[in-house]
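> compute the structure for the input listed below.
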Amino acid sequence: MTGETELRAMPIDPHVSITVTGQVRTFAGRRLLVLPVRAPLGRSRGHRVRVAIGTRPARVRVALVVSGQLALRPAPGEVFGQVPVLVSIRPVPPRRRRSLPADLVQALATAGLDLGGLPDHEVDQILLMIGESATGAVRAARIEAALVALLAGSGHA
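Predicted structure coming up:
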């Protein structure tokens, strides 16, 4: 897709970057900078990466997956030209997970479930939903709703 025959693997180590030549492509009317880098496996709405495009300073961005490759949307005010551009990219270390509340841990253990397979943003949403509960009954109902969703997502529902 990018004119290079082989896709490079994204480094796992957040201290190691690779430099590739990105190509501007249009998908569904949107211009994206498509990189010859294999997208990491797993469910995701995007991958946090540290990117330096051309001579601009590096910054954290979300890389999308397009046909199995990483692609970048232009940042506000940024314009991607037609010429290939050098891009330095490396993964961002995963965010540290907050500790799980004891009642959620107990409910997960009782149900034989865990949050290990969920992306960080989904775990954060579950913890926020439980943490904002106004009463014990609402909290218990929200924990139950999280368990039901986990069961449905695991295929054991």
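> I'd say residue 89 and residue 70 touch.
Yes: judged on CB atoms under 8 Å, residue 89 makes contact with residue 70 at a distance of 7.4 Å. Glycine gets a C-beta too; all of them are placed from N, C-alpha and C.
> between these two, what contacts are shared?
10, 35, 37, 49, 63 (CB atoms under 8 Å, 6 or more residues apart in numbering).
> which among the residues you listed end up buried?
10, 35, 37, 49, 63 (16 or more other CB atoms under 10 Å).
> mind checking how far the fourth one is from residue 34?
Read that as residue 49. Separation of residue 49 from residue 34 (CB to CB, to the nearest Å): 14 Å.
> what is in contact with these two at once?
Here residue 49 and residue 34 have residue 70 as joint contacts, going by CB under 8 Å, 6+ apart.
> so what's residue 58 closest to, chain neighbours aside?
residue 52 (3.9 Å; CB to CB, 6 or more residues apart in numbering).
> quick check: bridge partners of the one you found?
Per DSSP bridges, residues listed as beta-bridge partners of residue 52: residue 88.
> what number of residues lie near it?
16 (other CB atoms under 10 Å).
> so who does the nearest residue to residue 93 once chain neighbours are set aside touch?
Leaving aside its chain neighbours, residue 93 sits nearest to residue 14 (4.5 Å; criterion: CB to CB, 6+ apart). Listed by CB under 8 Å, 6+ apart, the contact set of residue 14 reads 50, 90, 91, 92, 93.
> same check on residue 82?
Taking CB under 8 Å, 6+ apart, one finds residue 24 in contact with residue 82.
> what lies in contact with the longest helix belonging to the chain?
Counting by DSSP state H, the longest helix found in the chain is helix 136-154. Residues outside helix 136-154 that contact it (CB under 8 Å, 6+ apart) are 103-104, 107-108, 111, 113, 115, 118, 126, 129-130, 133, 157.
> that helix: which residues count as buried?
139, 142, 143, 146, 147, 150.
> go on, stretch 121-140?
Using 16+ other CB under 10 Å as the test for burial, stretch 121-140 gives 122, 123, 126, 127, 130, 139.
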